[in-house]
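Participant: starting from these lines, generate the structure:
(one chain, ligands or ions: 1)
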Amino acid sequence: MIGELGAVLGQEHGARLRRSLLAMTVYGVLQGLSFAMLVPVLRALLSGEAVGPWLAAFAVVVAATAVASYVQAQYGYAVGLAALRTLYHRLGDHVAGLPVGWFSADRVGRLGQLVGKGVMDVMSVPAHLLQVVVSAVAAPATVLVCMFVFDWRLGLAALLTAPFLWLAFRWTQSLVQRSDTAMDDAGAEGADRVVEFARQQPSLRAFGRTADGYDLLDDALARQRSTLRRLLRTTLPGLGTVALTVQLAFTAILIVGCSLALGGAVDVPELVGVLVLAVRFTEPLLAAADVGGELRMARGSLRRVKAVLDTPPLPVAGPATGPATGPETGPATGPATGRARPGEPSIELDDVGFSYAERPVLRDVSFTVAPRTVTALVGPSGSGKTTLTRLIARFWDADAGAVRVSGNDVRDYTPEDLMAQLSIVFQDVYLFEGTLEDNIRLGRPEATDEEVREAGRLARVDEIAERLPGGWQARIGEAGATLSGGERQRVSIARAMLKDAPIVLLDEATAALDPENESALIDALATLARDRTLLVIAHRLTTIAAADQIVMLEDGAVVERGTHQELLDLDGRYAAFWTERRRARGWRLTQPA
Ligand SMILES: Nc1ncnc2c1ncn2[C@@H]1O[C@H](COP(=O)(O)OP(=O)(O)OP(=O)(O)O)[C@@H](O)[C@H]1O
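Facilitator: Numbering: from 1, shown residues only. As a prediction, this is how the structure comes out:
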C-alpha cells in the first residue's frame with residue numbers, strides 16, 4: 001500500500017513520505033522501549049532495589065516518545081496535506097486531458113465522489129492510519145527484543161506467537177478483500193443511481209414515477225444492503241479470529257512465564273514486569289486491527305484514484321512544425337506527429353471505424369464535406385450519426401482510419417487549434433448559471449459587448465432578451481432552466497456565431513418546436529451556415545432536401561451518398577427513408593388536435 005501511495009503521490013513527495021515513515025518507526029520503537037522500561041522499574045519496586053535511576057531513565061524514554069509522537073504527527077499531516085494538494089492537482093490536470101467521451105454521467109458521478117470522499121480517505125493514510133500500522137510492527141518488535149534481553153525463554157515464547165498473529169491478520173485480510181471490492185462497486189453504483197434519480201426528476205415525475213417506483217435505484221440500494229450484510233458476515237469472524245489469536249498469544253506468554261516462575265527460573269518481580277510487557281505487546285496489534293476497515297476503504301479509494309490517473313489521455317500534438325501538411329497527413333492510427341496548420345475548412349473521413357467498449361458502432365465510413373458546403377447526415381436512430389460528429393470533434397479517437405479537419409488529421413492539432421476550426425451546436429446545450437450575455441460570450445470570452453449582441457441578434461436571441469426582465473443581463477438558471485429547448489439552441493447558435501469557426505457541427509433539434517421558435521431557429525441556422533462548412537445531423541425535411549450532399553448511415557456504415565435528387569432517383573434506402581418521413585409528417589399534420 002505504501003508503494004501504491006508513493007506511486008500516486010509521485011517522486012517529488014517520495015522523500016517526504018520516507019522521512020515520515022522513518023519518524024513513525026522511531027516513534028514505534030520508542031513506544032516499545034517505554035513499555036519495556038516498565039520491567040526494570042517494576043522489578044526494582046517489587047524487590048526493594050533503588051528505583052530512582054530506573055524512573056529517571058523511564059522518564060527520559062517517555063519524554064523522547066512524546067517528542068517523537070509530535071514529530072511523526074507533524075510529518076504525517078504534512079504528507080497528508082501534500083497528498084491532498086497533489087491528488088487534486090494531478091486528478092484535475094489528468095482529467096482535463098482525457099477524451100471528452102470519457103465523461104459519461106456515471107463517471108462524472110464517481111469522479112465527484114472520488115474528489116470529495118476518496119481523496120480524503122487517501123489523505124488519512126499518511127496523516128493517521130500509517131502510524132497505527134507502523135507502530136503495530138515496530139513497538140511489538142522492540143518489546144520482543146527487550147523480552148529476549150530480560151529472559152530469552154519468555155522472548156522465545158513471544159516470538160513463537162508472531163507467525164500465528166501474522167497468519168491471522170493475513171487470513172482476515174484475504175477474507176474481506178473480495179467482499180470489499182463488491183462493497184466498493186455496490187457503493188459506487190448506489191451513488192450513481194442516486195445522482196441519476198435526482199437528475200431524472202422531471203422525466204420521472206412526468207411519468208408519475210416517484211421514489212417508490214424507481215426500480216434502478218431500489219435495486220442498487222438493495223444490492224448495497226445485501227453486499228454489506230455479506231461483508232459483515234465475512235469480516236466479523238475474521239476480526240474475532242484476530243482478537244482471539246492476540247489473546248492466545250498473551251496466554252501463551254503467561255503460561256510460559258508462570259511455569260518459569262514456578263520452576264524458580266525467573267523471580268516474581270521479573271515475571272510481573274514481563275507480563276505487563278506482554279499486555280503492551282498485544283496493544284498495538286489490536287489497534288491495527290481496529291483501523292483495518294478504514295485502511296481497506298483508503299486502499300479502495302487509492303486504487304480508484306490510480307485507475308483514473310492510469311486512463312490514457314488523448315495524445316496531444318507537439319509544437320508548430322511548418323505549414324499545412326495536406327490531406328494525406330498522418331498514418332491511420334499513429335500517434336500525434338506534430339502541430340498542424342489548418343487549410344481550407346473541410347472534413348474528411350477515411351475508412352473510419354469505432355467501437356464503444358468492444359461494440360463496433362462505425363465501420364469503414366468514408367466521405368468528404370467540401371469547404372463551404374452543407375452535408376446532411378441521416379439514418380435511423382442508433383446508426384452512429386452522433387458518434388461520427390463526436391469523432392470529428394475528437395471526443396474520442398477513431399479506432400481505425402483517419403478523421404481529417406481542414407486538411408489535417410485531428411490528432412495532429414493541439415486541442416485549441418482543432419477547436420478553433422469547429423463550432424458545435426448539439427441538442428443537449430448546456431447553459432450555465434449566469435446572464436444571457438455571459439452564456440453567449442462563452443463562444444469567445446474576449447469578445448466585446450457589441451460583438452456578443454451582434455451574434456445574439458443574428459441568432460435571434462435579441463427576441464429572448466426583449467422578453468426577459470433584465471434583457472441581456474437577465475440571469476438564466478443552471479442548465480438554462482428558464483429557457484425553452486428552442487431558445488437554448490438559439491443561444492448555442494449565438495455562441496457559434498461569436499466563435500466564428502469555419503466549420504459547424506450541428507445536431508438539429510428533434511423536439512417539436514412552436515412555429516415562432518421554429519422559424520427563428522431556421523433563420524438563425526441559415527445565417528450560421530452562410531460561408532461556413534456545415535455537417536448537420538438533419539431531422540427537418542427541408543434541411544435534408546436543401547443539402548449539397550446527403551450521407552445516409554445504417555448500422556454504422558454509409559449505405560448511400562449523393563444529392564437529394566440523385567438518391568431519390570436511386571430508389572434505394574434513402575428514397576424509402578424519405579417516403580417514410582414524409583408519411584410520418586403528413587400523418588402528424590392531419591391528426592386532430
Ligand atoms: N457513450 C456511449 N457508450 C456506449 N455506447 C454508446 C454511447 N453512445 C452511443 N452509444 C451506442 O452507439 C450506437 C450509435 O449511437 P449514436 O448516438 O451515435 O447514434 P445516432 O444515430 O446519433 O442515434 P440518434 O439518432 O438516436 O441520436 C447506439 O447503439 C448507441 O447505443
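
Participant: alpha carbons only for contacts and neighbour counts from here, please
Facilitator: Fine.

Participant: shaky segments in the protein?
Facilitator: Applying pLDDT under 70 to the chain flags the ranges 105-106, 177-178, 203, 207-214, 316-339, 477-482, 509-517, 585-593.

Participant: how near is the residue most central in space within it to F103?
Facilitator: The residue lying closest to the centre of the chain (Cα atoms, centre = their mean) is L111, at 3.3 Å. Using Cα to Cα, to the nearest Å, we find L111 at a distance of 9 Å from F103.

Participant: please apply the same query to M1.
Facilitator: Relative to F103, M1 is positioned 28 Å away (Cα to Cα).

Participant: ok, now E451?
Facilitator: 32 Å.

Participant: same question, L175
Facilitator: For L175 relative to F103 (Cα to Cα), the value is 34 Å.

Participant: domain parsing of the protein, as residue ranges.
Facilitator: The chain breaks down into these domains under automatic domain parsing: 2-310, 347-590.

Participant: excluding chain neighbours, what is closest to V305?
Facilitator: Using Cα to Cα, 6 or more residues apart in numbering and skipping residues adjacent in sequence, the residue nearest V305 is L114, 7.1 Å away.

Participant: actually, A157.
Facilitator: Nearest residue to A157 in three dimensions, chain neighbours excluded: I253, at 5.8 Å (Cα to Cα, 6+ apart).

Participant: that neighbour belongs to a strand, doesn't it?
Facilitator: No - counting by DSSP: H, G, I helix; E, B strand; the rest coil, one finds I253 to be helix, located in no strand.

Participant: coming back round to it: state the helix or strand in which the residue nearest to the centre of the chain lies.
Facilitator: Element membership of L111 [criterion: DSSP states H and E] is helix 105-113.

Participant: tell me which element A141 falls in.
Facilitator: helix 130-150.

Participant: now the strands for the stretch 401-550 of the chain?
Facilitator: Taking DSSP state E, counting those that start in this stretch to define them, one finds strands in the stretch 401-550 of the chain at 408-409, 422-425, 434-435, 475-476, 503-507, 533-537, 549-554.

Participant: buried deepest among the ones you listed, which one?
Facilitator: Mean neighbours per residue, mean count of other Cα atoms under 10 Å, is largest over the strands of the stretch 401-550 of the chain for strand 408-409, with a mean of 28.

Participant: which elements pack onto it?
Facilitator: Using 3 or more Cα pairs under 8 Å, 6 or more residues apart in numbering; DSSP states H and E as the contact test, no helix or strand touches strand 408-409.

Participant: could you redo the last one with a cut-off of 10 Å?
Facilitator: Packing partners of strand 408-409 (3 or more Cα pairs under 10 Å, 6 or more residues apart in numbering; DSSP states H and E): strand 347-356, strand 400-405.

Participant: looking at the ones you listed, which is nearest to the ligand?
Facilitator: The closest of these to the ligand is strand 347-356. By Cα to the nearest ligand atom, the value is 4.9 Å.

Participant: can I get the CA coordinates of the helix or strand following the closest one in PDB?
Facilitator: Next in sequence after strand 347-356, counting helices and strands by DSSP H and E, comes strand 359-369. Provided in PDB are the C-alpha atoms of strand 359-369 (Å, rounded to 0.1, in the frame of the first residue of the first chain):
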ATOM      1  CA  ARG A 359     -19.000  -2.900 -29.500                       C
ATOM      2  CA  PRO A 360     -18.500  -1.800 -33.100                       C
ATOM      3  CA  VAL A 361     -20.500   1.300 -33.900                       C
ATOM      4  CA  LEU A 362     -18.900   2.700 -37.100                       C
ATOM      5  CA  ARG A 363     -17.400   0.700 -39.900                       C
ATOM      6  CA  ASP A 364     -15.400   1.900 -42.900                       C
ATOM      7  CA  VAL A 365     -17.000   5.300 -43.000                       C
ATOM      8  CA  SER A 366     -15.600   7.500 -45.800                       C
ATOM      9  CA  PHE A 367     -16.900  10.700 -47.200                       C
ATOM     10  CA  THR A 368     -15.800  14.300 -47.600                       C
ATOM     11  CA  VAL A 369     -17.500  17.600 -46.700                       C
END
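
Participant: no further questions, thank you.
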